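Fold the following, please.
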Amino acid sequence: MKYSLVSILCLALSFASAQDRLVIDKVVAKVGAETILLSDVESQYSYALSQQSFGQDPQEMRCQILEGIIGQKLIVHQAKLDSIIISDAEVEAQLDFRISSVLRQMNGDEEAFENYYEMTTDEMRENLREDMVSQILAERMQGQLMMEVDVTPQEVKEFFNSIPKDSLPYLNAEVEIAEIVVEPKVNEIERLKALQKILEIRKEIVENGASFAELAKRESDDPGSGSQGGELGFAARGTYVPEFEAVAYQLEVDEICEPVETEFGFHIIQMQERRGNKIKLRHILIKPEIIDEDLELAVANLDSLKMKLDSSEITWEKAVKEYSLEAAQSYNNGGRLQNPNTGKTIFQTSELPFEIYIAIEEMEIGEISEPMEFQNARGETNFRIIQLQSRTKPHKVSLEEDYSKIQEYARENKKNTYFLNWVSEKLGETYIFVDKTYLDCDNVNRFLK
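Predicted coordinates for the structure are as follows:
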């Protein structure tokens, strides 16, 4: 008996499922004590239809969706039999995260949320609760199963030897790179200029009656909110940086605070509305200007650090902790860059940013580059030095050079096999009913045999 692993993994919750409950419901399948409704299938069908850019037979799509839901329900049913416990706090945290994520995309506008989904956030929360419990149970059950799976060196070797020699892939050149990042420091003159400017803007609003929204559009250095008149929408605690939030929550409605300094610059904040733990704000941001002298000083500091590293006056690991920007993703990883495509520290050379690719082309392992300028996620100028930590040449995959990769593939292959065998065993022990309208689905029929 064969099953697609993808088809029986947990299906992600989508807000589409909450929108499309207007189908006249009936039970179309049962897995143990778990029921599957026609609306469960149709809501996911509607969502899938809106996402795909190519034609697919509607009944075939519904069959695939039902197969996936049956697989999920089987895992949930078994989780309940095994008395897997999840707390109310876990469920609430997940619901908070999902609803907050959607609200952020709507700039915190709960009215827009209600218009789009035709329900309040509280109604959405209750609508999603049962699905969320099922999803967490299924994830917990799968996690427990997968913890039992590991591979021995002998199994890794056997997995590798099972691959036909003419099917072994070629691996591109791969590298590991670490960085030390510094950001230019604002000099005191420019800092005071920015403070003076935000004070003048506040005075225009508070004393002269100028429009907050118009000044935000004209003067704010926050491009996202500035174009919206400074509007930040509704947000809960933990959304903003601590210095900003500490002041914001102390404000009365319509009150405008004195300037607040954060890592972004100077802000004035106006409280617009409170709803329980959520607040609706608008702000104006003025960033101090980084001038050429600030940039030159940052480069000079990196040059000095490079000399210390080259002379072994300081180790790379210690230099990262003492000098690198803590906000950099690499800071807590010994400076090692993380490949966004894989989550690992290995990069194929084709995946590297062009300036890094050029910089390391002639470097030896352990060598450190000259200071390099780059733009951070906020579009600000930072500088870094990079170290080439490892390099492999293009080659056909082999146990000697690529053991860790082969070990990972072998482990995943064993997990898949283990999980599919577990599903097959539990199917034989579980009552499954499927409505006659789906009995022409070959993939679903396999569950019944």
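
CA only for contacts and neighbour counts going forward, please
Fine.

Confirm Glu176 sits in a helix?
No. Membership of Glu176 in a helix is not supported by DSSP: H, G, I helix; E, B strand; the rest coil, which gives strand.

Pairing partners for it in the sheet, please.
In this entry, Glu176 is beta-bridged to Ser390, by DSSP bridges.

List the contacts of it.
Arg336, Leu337, Thr345, Ile346, Phe347, Leu388, Gln389, Ser390, Arg391 (CA atoms under 8 Å, 6 or more residues apart in numbering).

let's see 7 Å
By CA atoms under 7 Å, 6 or more residues apart in numbering, Glu176 lies in contact with Thr345, Ile346, Phe347, Leu388, Gln389, Ser390, Arg391.

which residues in the chain form strands?
Counting by DSSP state E, the chain has strands at residues 27-31, 34-37, 170-171, 174-182, 231-235, 260-262, 265-275, 278-286, 347-348, 372-375, 381-392, 395-396, 432-434.

just to revisit the earlier point, in CSV: the contacts of Glu176, plus neighbour count.
Formatted as CSV, the contacts of Glu176 follow (neighbours: other CA atoms under 10 Å):
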residue, neighbour count
Thr345, 16
Ile346, 18
Phe347, 21
Leu388, 21
Gln389, 15
Ser390, 14
Arg391, 17
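
got a markdown table for those residues, with pLDDT too?
Conversion of the contacts of Glu176 to a markdown table gives the following (pLDDT from 0 to 100):
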| residue | pLDDT |
| --- | --- |
| Thr345 | 93 |
| Ile346 | 92 |
| Phe347 | 94 |
| Leu388 | 96 |
| Gln389 | 96 |
| Ser390 | 94 |
| Arg391 | 92 |
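
and which of those residues is nearest to Glu293?
Leu388 (29.4 Å; CA to CA).

hang on, the earlier thing: export the contacts of Glu176 to a markdown table and tack on distance to Glu408?
Below are the contacts of Glu176 laid out as a markdown table (distance: CA to CA, whole Å):
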| residue | distance to Glu408 |
| --- | --- |
| Thr345 | 15 |
| Ile346 | 14 |
| Phe347 | 17 |
| Leu388 | 24 |
| Gln389 | 22 |
| Ser390 | 19 |
| Arg391 | 20 |
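
tell me the domain ranges of this protein?
By the assignment in automatic domain parsing, the chain contains the domains 5-151+411-448, 173-185+291-393, 188-286.

could I get the ones you listed as JSON lines with distance to Pro164?
JSON lines is the format used below for those (distance: least, CA to CA, whole Å):
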{"stretch": "domain 5-151+411-448", "distance to Pro164": "16"}
{"stretch": "domain 173-185+291-393", "distance to Pro164": "22"}
{"stretch": "domain 188-286", "distance to Pro164": "53"}
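
Phi and psi next, for the residue nearest the centre of the chain.
Centroid-nearest residue in the chain: Pro340, 10.4 Å away (criterion: CA atoms, centre = their mean). When quoted as degrees, to the nearest 10, the phi and psi of Pro340 stand at phi -70, psi -20.

Which pLDDT value belongs to it?
pLDDT recorded at Pro340 is 90.

list the contacts for it?
Pro340 touches nothing, counting by CA under 7 Å, 6+ apart.

Asp131 is nearest to which of the strands of the chain?
Of all the strands of the chain, strand 34-37 comes closest under CA to CA, at 11.4 Å.

Mind listing the strands the closest one pairs with, and their directions?
In the sheet, strand 34-37 lines up with strand 27-31 (antiparallel) (DSSP bridges).

Could I get the buried residue list for the strand it pairs with?
Under the neighbour-count criterion of 16 or more other CA atoms under 10 Å, strand 27-31 has Val28, Ala29, Lys30, Val31 buried.

For Phe159, find the nearest of the domains of the chain.
Going by CA to CA, the one of the domains of the chain nearest Phe159 is domain 5-151+411-448, 8.8 Å.

Run through the chain and note the low-pLDDT ranges.
Confidence mapping of the chain against pLDDT under 70 gives the ranges 1-24, 51-55, 449.

Go again with 50.
1-23 (pLDDT under 50).

Quick one: residues in contact with stretch 400-417.
Leu5, Met146, Val149, Asp150, Val151, Val156, Phe159, Phe160.

Filter those down to the buried ones.
Buried among the contacts of stretch 400-417 (16+ other CA under 10 Å): Met146, Val151, Val156, Phe159, Phe160.

so what's the fourth one up against?
Taking CA under 7 Å, 6+ apart as the contact definition, Phe159 lies against Ala410.

What separation is there between it and Pro169?
14 Å (CA to CA, to the nearest Å).

coming back round to it: need the contacts of stretch 400-417 in a markdown table with distance to Glu114, can you?
A markdown table is the format used below for the contacts of stretch 400-417 (distance: CA to CA, whole Å):
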| residue | distance to Glu114 |
| --- | --- |
| Leu5 | 36 |
| Met146 | 40 |
| Val149 | 45 |
| Asp150 | 47 |
| Val151 | 50 |
| Val156 | 53 |
| Phe159 | 53 |
| Phe160 | 54 |
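
which one of these is nearest Glu289?
Checking these one by one against Glu289 (CA to CA), the nearest turns out to be Met146, at 52.2 Å.

pretty sure Asn376 contacts Phe383?
No. Using CA atoms under 7 Å, Asn376 is not in contact with Phe383; the gap is 9.3 Å.

more neighbours, the two?
Shown here are Asn376 and Phe383; by other CA atoms under 10 Å, Phe383 has more neighbours (20 against 12).

tell me the contacts of the closest residue to the more buried one other than its chain neighbours?
With CA to CA, 6 or more residues apart in numbering as the criterion, Phe383 has its nearest non-adjacent residue at 4.5 Å, and that residue is Glu373. Glu373 makes contact with Thr381, Asn382, Phe383, Arg384, according to CA under 7 Å, 6+ apart.

chain center to stretch 67-85, what's the gap?
Here stretch 67-85 is found 26 Å from its chain centre; the criterion is CA atoms, centre = their mean, to the nearest Å.

whoops, I mixed them up, stretch 270-283
Distance, centroid of stretch 270-283 to centroid of chain: 26 Å (CA atoms, centre = their mean).

Identify the residues contacting it?
By CA under 7 Å, 6+ apart, stretch 270-283 touches 230-236, 251-257, 267-269.

And stretch 421-430, by the same measure?
For stretch 421-430, using CA under 7 Å, 6+ apart, the contacting residues are Val31, Gly32, Phe447.

Would you reformat those as CSV and include distance to Ile69?
Output for the contacts of stretch 421-430, formatted as CSV (distance: CA to CA, whole Å):
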residue, distance to Ile69
Val31, 10
Gly32, 13
Phe447, 12
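
now, among these, which is nearest to Ala194?
Among the contacts of stretch 421-430, and counting by CA to CA, the member closest to Ala194 is Val31, at 64.2 Å.
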